[in-house]
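>>> pasting a predicted model and its sequence here:
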Amino acid sequence: MKQTIFTITENVPLTATVYKMMLAGDTDGIATGQFVNILLDGLYLRRPISVCDCQGDTLTLVYKVVGKGTAQMAAMTAGQTLDVLTGLGNGYDLSKAGDKPLLLGGGVGVPPLYMLARQLREQGKAVSVVLGFNTKDEVFYEQEFKALGCDVTVTTADGSHGVKGFVTDALPADYSYFYTCGPEPMLKAVYRATVTSGQFSFEERMGCGFGACMGCSCKVITGYKRICKDGPVLEKGEILWDA
């Protein structure tokens, strides 16, 4: 974990509620699947945001406006600075991907898969990506994944764009391994529908963000793990779902 002051270079809307923020600063040690914790004026708790991409001294965050913290972020402009804790969480393990990895993202679970897709493509992997949204107006990053050379399928619950249904309605016939991030109902559906091992990135409310408060603990086969410290990425075989 490292505390760094970043400077905002861009902060633009991708949809009515989703924004992309680009920051310049010390990105050393940031890995795919990790998250950052952002200090915001007047708010006691930092806000955890997943890492969308990290290249050179540029950190990219894609976030949804859901409360006071993210609303404050959306109002910020280029040149402003943010106090950010980086290097948080246990990210994705690329070594298990195989030749044809599958990436499944739902809503704001899409951003942390982008850096993963880029790195897998840099390794020469044939990457398939399925992105799930409620409606056409919520779709983002479809073209960005395509630009990486991924085979991209978009699903919408109302059928207004791409395949009608959910990410599990568009699973390819052949894949070597999978990575997924999204809301828990989606993750549960992916757990049931997939036929290989895989890694799940959980979205969870966090207090401290680095394992001290135990507020984001979840039950696994060996006991309990903290999503912020031991996760957010967990292996399929260790997850225990509540009934």
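Cool, the structure landed. Numbers count the residues shown, from 1 in each chain.

>>> what does stretch 85-95 contact?
Applying Cβ atoms under 8 Å, 6 or more residues apart in numbering, the external contacts of stretch 85-95 come out as 1-4, 26-27, 29-38, 46, 48, 59, 116, 119-120, 123, 179, 199, 201, 209-210, 228-233. In this view, the C-beta of every residue, glycine as well, is placed from N, C-alpha and C.

>>> pLDDT value on the residue of the chain positioned farthest from its centre, please?
Within the chain, the residue lying farthest from the chain centre (Cα atoms, centre = their mean) is Gly42, at 26.2 Å. Gly42 carries a pLDDT score of 94 in this model.

>>> tell me the SS of it?
The three-state label for Gly42, taken from DSSP: H, G, I helix; E, B strand; the rest coil, comes out as coil.

>>> gap between it and Asp26?
Using Cβ to Cβ, to the nearest Å, one gets 25 Å for the distance from Gly42 to Asp26.

>>> please apply the same query to Gly198.
When Cβ to Cβ is the yardstick, Gly198 and Asp26 sit 32 Å from each other.

>>> residues contacting Thr32?
When contacts are counted by Cβ under 8 Å, 6+ apart, Thr32 is found next to 51, 54, 91-92, 94, 112, 115-116, 119.

>>> now swap in Thr156 and tell me
The contact partners of Thr156, by Cβ under 8 Å, 6+ apart, come to 132-136, 138-139, 162-164.

>>> Asp99 too?
125-126, 176.

>>> look up how far Glu122 lies from it.
Taken as Cβ to Cβ, the spacing of Asp99 relative to Glu122 amounts to 14 Å.

>>> what of Gln34?
Using Cβ to Cβ, one gets 18 Å for the distance from Gln34 to Glu122.

>>> who's in contact with Val154?
Taking Cβ under 8 Å, 6+ apart as the definition of contact, the neighbours of Val154 are 130-133, 139, 142, 161-163.

>>> shaky segments in this protein?
Applying pLDDT under 70 to the chain picks out residues 203-231, 242-243.

>>> host element of Tyr191?
For Tyr191, the element it lies in under DSSP states H and E is helix 184-193.

>>> chain center to the next helix or strand after that helix: distance?
Secondary structure here is assigned by DSSP H and E; on that basis, the next helix or strand after helix 184-193 toward the C-terminus is strand 198-202. The chain centroid and the centroid of strand 198-202 are separated by 10 Å under Cα atoms, centre = their mean, to the nearest Å.

>>> strand 198-202 packs against which elements?
Packing partners of strand 198-202 (3 or more Cβ pairs under 8 Å, 6 or more residues apart in numbering; DSSP states H and E): strand 177-182, helix 184-193, strand 233-235.
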